[in-house]
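1. dropping a prediction and its sequence here:
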Amino acid sequence: MTRTPPEILQGTVDILILRTLAWQSMHGYAISHWIAERTDGVLTVDGAALYQALHRLENRKLVSASWGLSENNRKAKYYTLTAAGRARLKSEAAVWNRYADAVAKVLSPG
Amino acid sequence: MTSRRPLFRFPWRSRRQIARDLDTELAFHIDMRIAELVAAGVEVAEAGRRAVAEFGDLDGTRDYCRDLDTNTERDLQISDRLAEWRQDIRFAWRTIRRSPSFAIISVLTIVAAIGANTAIFTVTRAVLLAPLPYGSPGSLVAVYERPRGTASRGNPLSVPDFVDYRVAQRSLSGMAAYSDRSLTWRPSAGDPQLVTATSVTPNTFDLLDVRPALGRAFNASDDPASTRVILSFAFWSTAFGADSSIIGRPITLNDLPYVIVGVMPRAFTLTGTESMWTVLDLDRELADAPVTRKQHYLRVVARLRAGVTLGVATADLESISRRLQAQYPDANPDRLANLVPLHRDVVGDVRPALLLLQSAAALVLIIACVNLANLTLSRTIWRRQEMALRAALGAGRGRLARQILTESVVLAAAGGALGTAIAMVATRLLIGLDPAALPPLFDVRPDLSVVGFGLLLSLVTGALFGLLPALDAARANLHGALQEGGRGASGSRSGASVHRALVVAQVGLAVVLLVGAGLLVRSFGELTRVRVGFRSDHVLTAEIRVSGERYDSTALVNRFYDRVLGDVRTTPGVRRVGGTMKLPMDFRQPLSTIALEGQPVDPQHLAEVAYNLVRGDYFDALGIPLVAGRTFTEEDREDRPGVVLVNETAARAYFPDGHAVGRRVHLGPDPKSPMATVIGVVGDTRDEGFDVAPRPAVYASHRQNTWWRSLVVVVRTSGDPRAAEAALRRAVKSADPALALRGVRTLDDVLGESLAPRRFAMSLVSGFAAVALLLAAVGIYGVLAFSVARRTREFGVRLALGATRQNLLGLVVRQGMAWSAIGLALGVAGALAAGRLLEGMLYGVRLADPIALGLVTATLLVVAVVACVVPATRAARVDPITSMRAE
């Protein structure tokens, strides 16, 4: 597991969370797991960054939160993507894809 | 994951709750990680350490999230509240739509009340609240002189006095003077026109702190003899098509070439009627100071020095007045300077009328509120069952009260928006209908502040009339209401007494307005019955002015007017033609001092008389009777000794022995001017207004006093007076094509204009009173109808026990009339107490005028009976069997 530099995280955590929640509603711990699994451990989000981002997204009404019971019957806070969050994900993803393509082109040999 | 269910959430979380929730969330994450590590074989204590380390900055995250959540929570609160309001409004809308008749009555009531208030406010704002169109208008004052110890505004100043004040004063940062005059403007194409110009001292524009829209204002370098002119925005627009290259171009005024140096901004005016400004020639008047010091005609405006109060400045100028009085006792008899804040000076006469109208409109609004409160109260009582049901389903009392309040505010907002829109249009019509009713200085037009006023007032209205019913709904006895099946309010005695009190209040307030309207109508009636002393029908009037530059001799002036008057006299349909310096009821009355031959003269206390110059058949044209002696003839030529006529009041006052004819009098300020002989006595006329009793008046012959160059021609015709206009214009044109005619109107119109402000106030207050009466009638009707409906069963029982239908009819009518009688008594008492507002607007009637009070009583009783009859007949038609089965 390599740690991702925080300055890259700053911009990417939000979109990673939105993408994760597009799959289904989850609590914070499940989100961090899901991200690590999907990227085969390349990207990990530490707790501090994750929860700061989650609360920020909630404040911006991109995700909504409600209390639920976890798999092991503990009280947990579940996050769900809102309609606004879904729209944001779509536009941000497009930007990111273009950006990633561009970087890949620059870096590709020849 | 499937076990997730939302837990109950209290509406809004406290700060502590937010912190607790956050800790729970973060602890869950760490615990999960520990559990995972333990499951992977890590020792528990080590797992704990690793989980916390992996998490990163735990404390920082906690702080960050807590702040963010507090913020989120507040946003949530706001949007929740908005959502609730939206829900309330949606629900209110549905409820309102279910009872359209209630909604229509309410909205119409509000439209009338808000419309009236907003329309009047449009005028009030422009006249009383908006600042004058000058820089820092708060420190501007108008300067007059008034007899010591009187409360009047006073007289204008004389030119030498003005100059002396200006030199000696220490409390003002500047003094400017102005005076109106007529000028003949000869356009490069078309007929010449008479325009009003204001001659000003060059410092006037600086003092008022206004910049020209174009070119420059006058300054100290503009010497009095300069022929420079500044145009008003309106004149520039109409006469020159707002041509901005006008500066520096010549313009012919009074046969002299003037140069246009500036154009003032649209709002700027000094007197409200002037089209241009020229430089005031003080030096010419100063040259003849012994005479001109006695001629008080100069309007003066000044600005208080920074930090100087009105009182200090007044004291300063009063001390100068005393010195002038000691120095020139015959020119300044016992008069002191009087400083009036400019705004008060300008709005002086209109202020009481506007306050009266605004109060009347406010009364209508209060009555409307009372009416709607009553209606809504009745409705909420009917809706008790619904309310009880909603309460049973969990709606709090506050929520129920808010629901009622929302309904009334929604109704008020709808009515208010409509009312405000109507008021905007109505104000235009109102002003257009009676332009003479308002001082011309003010630009009355609805603007955003008026719209804001209307809408704010609507919301307040809604809250006001919804408050009582809302409180009632909040008090509602849930259990009782459900049990009694909704009809149950019959037992509520407090509810009924509130109804009664509201109806009485409403009738009382309507009576206050009715009494006010009655008194104004009576005053107006008295005024129009006043014997004015002349006949205004079949008379056409118009102003003609010869320019002093070409008509520089008495002979020239006389030749011109003789020719014009002679030409018109020979026109078919014209019966008499004359001329005068001042028409009755028009403009300010010129005054002159008078001294009788052979009687000692006290220069400190010279008698003042109304002074007028007339020519031709003036008295015959206006139907003013000759009481003794003769009127002027062509034989009273300019080279003959001066002759005058006096009116009956003057004859009685100065010649109590009854022999006025043949006596000699001295008129005016110049002690060297010769005596004039009284040749006749004519009837009194009301020259200064319908409500001003005639004062002693002297008529001199214009033929012998041609220094006054403009004349108002009066033409008595056998048919339509307007038909004489063409002949008049033709006569002037043929006598001198360079001269103009102005203000062509009938004498009836002149009189109508002088009554315009009173007619305006009277019509509006009467209109308001009619609306108030209608609302009161609706109120009486509504409450009685409601009470009859509630007492259906009681009436059934009474009938079964032997009461006749007449008994029931009487019962209901008596109840309604009792309320009306109490309201009437309270209203009359209130009207008498509030009568101060009417002071100065009444003529010929006392506040406790029996005719007005009798009329009001009769009107109210008739309306009350009508309002009672419908519910009473409904009560009388009750069928005992069905009424008792109904429950």
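-> That came through fine.

2. and stretch A:31-48, what's buried?
-> Neighbour-count burial for stretch A:31-48 flags A:31-35, A:43-48 (criterion: 16 or more other C-beta atoms under 10 Å in any protein chain shown). C-beta: built from backbone N, CA, C; applies to glycine.

3. among these, which are within reach of chain B?
-> Among those, the ones lying close to chain B by the criterion of C-beta under 8 Å from any C-beta of the partner chain are A:32, A:46-48.

4. quick check, pLDDT for the residue of the stretch 201-350 of chain B found nearest chain A.
-> With C-beta to the nearest C-beta as the measure, the residue in the stretch 201-350 of chain B that lies nearest chain A is B:Ala267; the distance is 49.4 Å. Reading off the per-residue confidence, B:Ala267 sits at a pLDDT of 83.

5. gap between stretch B:458-475 and the chain center?
-> Computed by C-alpha atoms, centre = their mean, to the nearest Å, the chain-centroid distance of stretch B:458-475 equals 31 Å.

6. swap that for stretch B:415-424, please
-> Centroid separation for stretch B:415-424 versus its chain: 19 Å, with C-alpha atoms, centre = their mean.

7. how long is stretch B:260-272 end to end?
-> One end of stretch B:260-272 sits 21 Å from the other (C-alpha to C-alpha, to the nearest Å).

8. next one: stretch B:679-692
-> Taking C-alpha to C-alpha, the first and last residues of stretch B:679-692 lie 26 Å apart.

9. taking the ones next to chain B among the buried residues of stretch A:31-48 one by one, which sit in helices?
-> A:32, A:47-48 (DSSP state H).

10. could you single out the nearest of the residues you listed to B:Gly823?
-> When these are compared for distance to B:Gly823 (C-beta to C-beta), A:Ala48 wins out at 74.6 Å.

11. how many other residues sit next to the nearest residue to the closest one once chain neighbours are set aside?
-> In space, and not counting its chain neighbours, A:Ala48 is closest to B:Gly56: 3.3 Å by C-beta to C-beta, 6 or more residues apart in numbering or on different chains. Using other C-beta atoms under 10 Å in any protein chain shown, the number of residues around B:Gly56 comes to 17.

12. around chain B, pick out the residues from chain A.
-> Residues of chain A lying near chain B (C-beta under 8 Å from any C-beta): A:24-25, A:27-29, A:32, A:46-49, A:51-52, A:55-56, A:58-59, A:66-78.

13. want to throw the ones next to chain B among the buried residues of stretch A:31-48 into a markdown table with distance to B:Arg74 and pLDDT?
-> Shown next, in a markdown table, are those (distance: C-beta to C-beta, whole Å; pLDDT from 0 to 100):
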| residue | distance to B:Arg74 | pLDDT |
| --- | --- | --- |
| A:Ser32 | 29 | 90 |
| A:Asp46 | 29 | 86 |
| A:Gly47 | 26 | 89 |
| A:Ala48 | 24 | 90 |
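
14. in TSV: these, plus distance to B:Thr118.
-> As requested, those are arranged in TSV below (distance: C-beta to C-beta, whole Å):
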residue	distance to B:Thr118
A:Ser32	63
A:Asp46	63
A:Gly47	62
A:Ala48	60
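
15. which SS state does A:Lys61 fall under?
-> Three-state secondary structure (criterion: DSSP: H, G, I helix; E, B strand; the rest coil) places A:Lys61 in coil.

16. tell me the contacts of it?
-> For A:Lys61, the set of contacting residues under the criterion of C-beta atoms under 8 Å, 6 or more residues apart in numbering or on different chains consists of A:82, A:84-85.

17. just A:Leu89 next, same as before
-> For A:Leu89, counting by C-beta under 8 Å, 6+ apart, the contacting residues are A:15, A:18-19, A:22, A:81.

18. repeat the analysis, applying 10 Å as the threshold.
-> Remark: with contacts taken as C-beta atoms under 10 Å, 6 or more residues apart in numbering or on different chains, A:Leu89 is in contact with A:14-15, A:17-22, A:62, A:81.

19. likewise B:Leu613?
-> In this structure, B:Leu613 makes contact with B:579-582, B:590, B:698-708, B:711, judged by C-beta under 10 Å, 6+ apart.

20. A helix includes it, no?
-> No. When three-state DSSP is applied, B:Leu613 is found to be strand, with no helix at that position.

21. just list whatever residues bridge to it.
-> In this structure, B:Leu613 has beta-bridge partners B:Ala700, where bridges are defined by DSSP bridges.

22. number of nearby residues for B:Leu76?
-> A count of neighbours around B:Leu76, defined by other C-beta under 10 Å, yields 16.

23. and the strands in chain A?
-> Using DSSP state E, the strands assigned to chain A run over residues A:26-27, A:63-69, A:75-81.

24. comparing those strands, which comes out most buried?
-> For the strands of chain A, average neighbour numbers computed from mean count of other C-beta atoms under 10 Å in any protein chain shown are highest in strand A:26-27, which has a mean of 22.

25. among the buried residues of stretch A:31-48, which two are most distant?
-> Farthest pair in the buried residues of stretch A:31-48 (C-beta to C-beta) is A:Trp34 and A:Ala48. Separation: 18.0 Å.

26. my guess is A:Val95 contacts A:Thr12, does it?
-> No. Taking contacts as C-beta atoms under 10 Å, A:Val95 lies outside contact range of A:Thr12: 11.6 Å.

27. please identify the helix or strand for B:Ala852.
-> According to DSSP states H and E, B:Ala852 maps onto helix B:850-876.

28. what pLDDT does the spatially most central residue of chain A get?
-> Ranked by distance to the mean C-alpha position of chain A (C-alpha atoms, centre = their mean), the top residue is A:Ile17 at 1.8 Å. Predicted confidence (pLDDT) for A:Ile17: 91.

29. swap in B:Gly662?
-> The predicted local confidence for B:Gly662 comes out at a pLDDT of 92.

30. from the contacts of B:Leu613, which would you call buried?
-> Buried residues within these, counting neighbours by 16+ other C-beta under 10 Å: B:579-582, B:698-706, B:711.

31. now, among these, which is nearest to chain A?
-> Out of these, the one with the shortest distance to chain A is B:Lys582. That distance is 77.0 Å, counting by C-beta to the nearest C-beta.

32. which SS state does the closest one fall under?
-> For B:Lys582, the reduced secondary structure class is coil; criterion used: three-state DSSP.

33. contact partners for it?
-> Under the criterion of C-beta under 10 Å, 6+ apart, the contact partners of B:Lys582 comprise B:588-590, B:610-614, B:687-688, B:708, B:712.

34. pLDDT (mean, whole number) over the host helix or strand of B:Ser101?
-> Secondary structure from DSSP H and E places B:Ser101 in helix B:100-124. Taken as a whole, helix B:100-124 has an average pLDDT of 86.

35. then stretch B:497-510?
-> Rounded mean pLDDT across stretch B:497-510 is 86.

36. and the helices in chain A?
-> Ranges of helices in chain A, per DSSP H, are A:6-23, A:28-38, A:47-59, A:83-107.

37. how close does the closest residue to B:Leu826 other than its chain neighbours get to B:Ser182?
-> Nearest-residue entry for B:Leu826: B:Gly508, 3.9 Å, with adjacent residues in sequence omitted and distances by C-beta to C-beta, 6+ apart. When distances are taken as C-beta to C-beta, to the nearest Å, B:Gly508 and B:Ser182 turn out to be 53 Å apart.

38. pull the number of nearby residues for residue 15.
-> No chain in the question, so chain A it is. For A:Ile15, the neighbour count with other C-beta under 10 Å is 16.

39. not what I meant, chain B
-> For B:Arg15, the neighbour count with other C-beta under 10 Å is 11.

40. show the pLDDT at B:Arg9.
-> Predicted confidence (pLDDT) at B:Arg9: the value is 44.

41. with B:Val460 instead?
-> For B:Val460, the model assigns a pLDDT of 88.

42. wait, a helix at it?
-> Yes. Residue state for B:Val460 (three-state DSSP) corresponds to a helix.

43. give me the low-pLDDT residue ranges for chain A?
-> In the predicted model, chain A carries pLDDT under 70 at residues A:1-11, A:110.
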